[in-house]
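Enquirer: What follows is a predicted structure for the sequence shown.
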Amino acid sequence: MSAGVRVRGLLKSFGDQQVLKGIDLDIAPGEVVGLIGPNGAGKTTLMSCLLGFLHPNAGEITIDGAPNDDLDVRRRTGFVPERMNFDRRETGRNFLRYMARLAEVKDAKTKVDAIMERLDIANAAHKRLSQYSRGMLQRVGMCQALIHEPAYLFLDEPTSGLDPNGVLLVRDLIAAQKQRGAAVLLNSHQLAEVGKICDRVFFLSGGVIAREETLRHVDRILVAITMLAGTYDAAAVERVANAAPRENHVVIATVETENDIAEIVRELAATGAGIIDVRRHTADLEGIFRGEA
Amino acid sequence: MSGVVVLETLRRQASNLLAVVYVAFLMILGLASSRLEAPLWATFLTLLAIVTGAGLIGPEFSSGTLQLILVKPINRSVYLVSRFAGVVLFLAIAATLAFSCEAIGRLVWGGADRIKDSAIMLLNAVSDAALICALMALFGSFLRAYFNVALYWVIQILLGLIESLFKLASMAKNGFLAWLNDTITSHPIIPDSLAWLQRNLYPDAPQKLDRDWLLMVWSNVAIAIVLACFIFRRREVPYGAD
């Protein structure tokens, strides 16, 4: 039995429109993985297929080796949707108690009170959900997803509508889930947030995973070298920097150490290129996303 | 069957002010019925069945609560059947309260001999309410929000209109209605089918104990629930948008 989430050859169409065009991905236990991409890329559809809300046209989804609709898998799954539209007549406490009992949580009352306290909504526990702000509803969503300490957590824009304190809280909560060995799939448009939280990120574009990036343990440096027009040979620059010079006479090279920067500059100078500026950037998610989107 | 879902459904109804007020109204009607020939509350139970049955599944789908429930370790069919059971249990309690008021009234003001007839009406009214809820569950298994009520009424109105049209046609001498009359006379399966549909979907509760009627109603309840589960298990429940 393979541990973790495993997706192979996932296809999903709505009528003639093929939204997912063959998705393969793996998420290991204890890993926090981001899912980013432009609107219409198929992120929500992918999340819906993973959770069993939508039936794929083809492909396989397993969690710990079992189909994703297996009840035992669901015992280990938590989900936070982007929009929290519960039955607004319910009080926060009653709603969460119901969710906890459905999730087969022992001693639901105590655990609901504890998690509401942890997410800082205990003082609104007796209020109807119609009186909750969007940020508070988002916290209720986090509560219902975390109350049974799931091994797999699927979060769709969990910080949407949250104030800065809420964002920090969610970040801490995700870190805590990772620490206890849970796998987290985070669908978010907030690239900075994904960059801070995730170990890996999938770029979904046009229904396929266009790119997969590891954000932890790999230090990549982007270096932008500006050359004087007419002083360099494009082919020689491409050979040295592994990237072609752009129209503005800038070549952007990817290196792993600062020594590599010095080496590239030295080699470019040796080809006769007149170097007038060298700027160093650490590769961030936004930069990578700009390259993909 | 999930006890958690049944109890939660009951709790929600009990904490719904409108539902509680309506049950109190039924109890008052129960008392009033003790002075009448037929139990008036049984007629009004139908409306409560439609309103509570309407919320069985559709609104949860539209509000997004359903998606949160479906990631929990509960089988879709078990969930649907439990919701149905919870609503029917609530209606049975409401009907029993109304019947009890009627029985008390008859004991106090006379007419205790009619309590047995009212008890039969209790059984018939609850069976009728269960069929309404089963149809709501069936329609809700493929529709969103409260469209199940709309469909329930649309079918009922259509059947009524067609029945009236057939009666009108039987009196016509020429024109379209005469042609229609000829058609239904030569194809009796058409009016028979419509009458069968009317009888099975919208049966009038008899005033006496009718085992055949009860068997028909509960068979239809079972068929509707099985169909609802079959559809609901395969239904896609998308949320949000890309």
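Expert: Ah, there it is.

Enquirer: Any buried residues in the top helix by length along chain B, and which?
Expert: If you go by DSSP state H, chain B has its longest helix at helix B:76-109. In terms of neighbour count (16 or more other CB atoms under 10 Å in any protein chain shown), helix B:76-109 has its buried residues at B:76, B:79-92, B:94-95, B:97-99, B:101-103, B:105-106. Every C-beta, even on glycine, is put in place using the N, C-alpha and C of the backbone.

Enquirer: and the next helix or strand after it, what does it pack onto?
Expert: As assigned by DSSP states H and E, the chain's next helix or strand after helix B:76-109 is helix B:115-140. Contacting helix B:115-140 under the criterion 3 or more CB pairs under 8 Å, 6 or more residues apart in numbering or on different chains; DSSP states H and E are the following elements: helix B:41-54, helix B:76-109, helix B:147-171, helix B:211-234.

Enquirer: again, only using 10 Å
Expert: Judged by 3 or more CB pairs under 10 Å, 6 or more residues apart in numbering or on different chains; DSSP states H and E, the packing partners of helix B:115-140 are helix B:17-33, helix B:41-54, helix B:58-63, helix B:76-109, helix B:147-171, helix B:189-201, helix B:211-234.

Enquirer: about what we covered before: got the angle for the longest helix of chain B vs helix B:115-140?
Expert: 160 degrees (axes from the mean of the first three to the mean of the last three CA atoms, to 10 degrees).

Enquirer: Would you mind measuring the gap between the ends of stretch B:134-145?
Expert: 16 Å (CA to CA, to the nearest Å).

Enquirer: Could you tell me how far the longest helix of chain B lies from the centre of the chain?
Expert: Here the centre of helix B:76-109 is set off from its chain's centre by 13 Å, with CA atoms, centre = their mean, to the nearest Å.

Enquirer: Run the angle between it and helix B:17-33 for me.
Expert: 40 degrees.

Enquirer: Could you pull up the mean pLDDT of helix B:76-109?
Expert: The average of the pLDDT scores along helix B:76-109 is 93.

Enquirer: Against which helices or strands is that helix packed?
Expert: So helix B:76-109, by 3+ CB pairs under 10 Å, 6+ apart, packs with helix B:3-14, helix B:17-33, helix B:41-54, helix B:65-70, helix B:115-140, helix B:211-234.

Enquirer: again, only this time at 6 Å
Expert: On a contact count with 3 or more CB pairs under 6 Å, 6 or more residues apart in numbering or on different chains; DSSP states H and E, helix B:76-109 meets helix B:3-14, helix B:17-33, helix B:41-54, helix B:115-140, helix B:211-234.

Enquirer: so can I have a markdown table of the ones you listed showing mean neighbour count?
Expert: A markdown table is the format used below for the helices and strands packed on helix B:76-109 (neighbours: other CB atoms under 10 Å in any protein chain shown):
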| stretch | mean neighbour count |
| --- | --- |
| helix B:3-14 | 18 |
| helix B:17-33 | 17 |
| helix B:41-54 | 22 |
| helix B:115-140 | 23 |
| helix B:211-234 | 16 |
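
Enquirer: could the ones you listed go into CSV alongside distance to A:Ala224?
Expert: Formatted as CSV, the helices and strands packed on helix B:76-109 follow (distance: least, CB to CB, whole Å):
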stretch, distance to A:Ala224
helix B:3-14, 59
helix B:17-33, 66
helix B:41-54, 63
helix B:115-140, 59
helix B:211-234, 54
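
Enquirer: Switch those helices over to JSON lines; also include mean pLDDT.
Expert: Formatted as JSON lines, the helices and strands packed on helix B:76-109 follow (pLDDT from 0 to 100):
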{"stretch": "helix B:3-14", "mean pLDDT": "91"}
{"stretch": "helix B:17-33", "mean pLDDT": "91"}
{"stretch": "helix B:41-54", "mean pLDDT": "90"}
{"stretch": "helix B:115-140", "mean pLDDT": "92"}
{"stretch": "helix B:211-234", "mean pLDDT": "94"}
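
Enquirer: nearest to A:Ala236, of these?
Expert: Between A:Ala236 and those, the tightest spacing by CB to CB is seen for helix B:211-234, at 62.1 Å.

Enquirer: Nearest residue to the middle of chain B?
Expert: B:Ile132 (1.4 Å; CA atoms, centre = their mean).

Enquirer: Next one: the residue lying closest to that one once chain neighbours are set aside relative to B:Asp128, how far apart?
Expert: Among residues not flanking B:Ile132 along the chain, B:Ala49 sits closest, at 4.2 Å (CB to CB, 6 or more residues apart in numbering or on different chains). According to CB to CB, to the nearest Å, B:Ala49 stands 7 Å off from B:Asp128.

Enquirer: Could I get the contacting residues of A:Leu153?
Expert: With contact set as CB atoms under 6 Å, 6 or more residues apart in numbering or on different chains, A:Leu153 has these partners: A:78, A:177, A:182, A:184.

Enquirer: Restricted to helices, list those.
Expert: Using DSSP H, the contacts of A:Leu153 in helices are A:Gln177.

Enquirer: Around whichever residue of the stretch 151-293 of chain A sits closest to chain B, how many other residues sit close by?
Expert: Here the stretch 151-293 of chain A gets closest to chain B at one residue, A:Asp156, 6.6 Å apart by CB to the nearest CB. A:Asp156 has 23 neighbouring residues, counting by other CB atoms under 10 Å in any protein chain shown.

Enquirer: Please look at it and A:Ser188 and confirm they touch.
Expert: No: using CB atoms under 6 Å, A:Asp156 is not in contact with A:Ser188; the gap is 8.1 Å.

Enquirer: so A:Val255 touches A:Ile221, yeah?
Expert: Yes: contact criterion CB under 6 Å: A:Val255 and A:Ile221 qualify, at 5.2 Å.

Enquirer: who's more crowded, those two?
Expert: Higher neighbour count among A:Val255 and A:Ile221: A:Val255, with 19 against 16, using other CB under 10 Å.

Enquirer: Quick check: the residue of chain B most remote from its centre vs B:Pro191, distance?
Expert: Distance to the chain centre peaks in chain B at B:Asn174, reaching 40.0 Å (criterion: CA atoms, centre = their mean). For B:Asn174, the distance to B:Pro191 (CB to CB) stands at 20 Å.

Enquirer: rewinding a little: can you flag which of the contacts of A:Leu153 belong to strands?
Expert: Among those, DSSP state E puts A:78, A:184 in strands.

Enquirer: would you list the contacts of A:Leu153 in JSON lines and tack on neighbour count and distance to A:Arg6?
Expert: Below are those laid out as JSON lines (neighbours: other CB atoms under 10 Å in any protein chain shown; distance: CB to CB, whole Å):
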{"residue": "A:Gly78", "neighbour count": "26", "distance to A:Arg6": "19"}
{"residue": "A:Gln177", "neighbour count": "23", "distance to A:Arg6": "20"}
{"residue": "A:Ala182", "neighbour count": "21", "distance to A:Arg6": "17"}
{"residue": "A:Val184", "neighbour count": "25", "distance to A:Arg6": "16"}
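
Enquirer: picking that back up, I'd like to know which of the helices and strands packed on helix B:115-140 lies nearest to A:Lys12.
Expert: Using CB to CB, these put helix B:211-234 closest to A:Lys12, at 15.4 Å.

Enquirer: now the closest one, how far from the centre of its chain.
Expert: 12 Å.

Enquirer: List the neighbours of it that are in contact with it.
Expert: Against helix B:211-234 from outside (CB under 6 Å, 6+ apart): B:76-77, B:80, B:127, B:130-131, B:134-135, B:137-138, B:141-142, B:200, B:206.

Enquirer: same thing with stretch B:63-70?
Expert: Applying CB under 6 Å, 6+ apart, the external contacts of stretch B:63-70 come out as A:85-87, B:60, B:237, B:239.

Enquirer: For that stretch, C-alpha coordinates in PDB please.
Expert: Taking Å, rounded to 0.1, in the frame of the first residue of the first chain, the C-alpha atoms of stretch B:63-70 are listed here in PDB:
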ATOM      1  CA  SER B  63     -25.500  26.200   0.700                       C
ATOM      2  CA  GLY B  64     -22.400  24.200   0.500                       C
ATOM      3  CA  THR B  65     -23.000  22.300   3.800                       C
ATOM      4  CA  LEU B  66     -23.500  19.100   1.800                       C
ATOM      5  CA  GLN B  67     -19.900  19.100   0.600                       C
ATOM      6  CA  LEU B  68     -18.600  19.400   4.100                       C
ATOM      7  CA  ILE B  69     -20.800  16.400   5.100                       C
ATOM      8  CA  LEU B  70     -19.800  14.300   2.200                       C
END
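
Enquirer: Having no further points to raise, I will conclude here.
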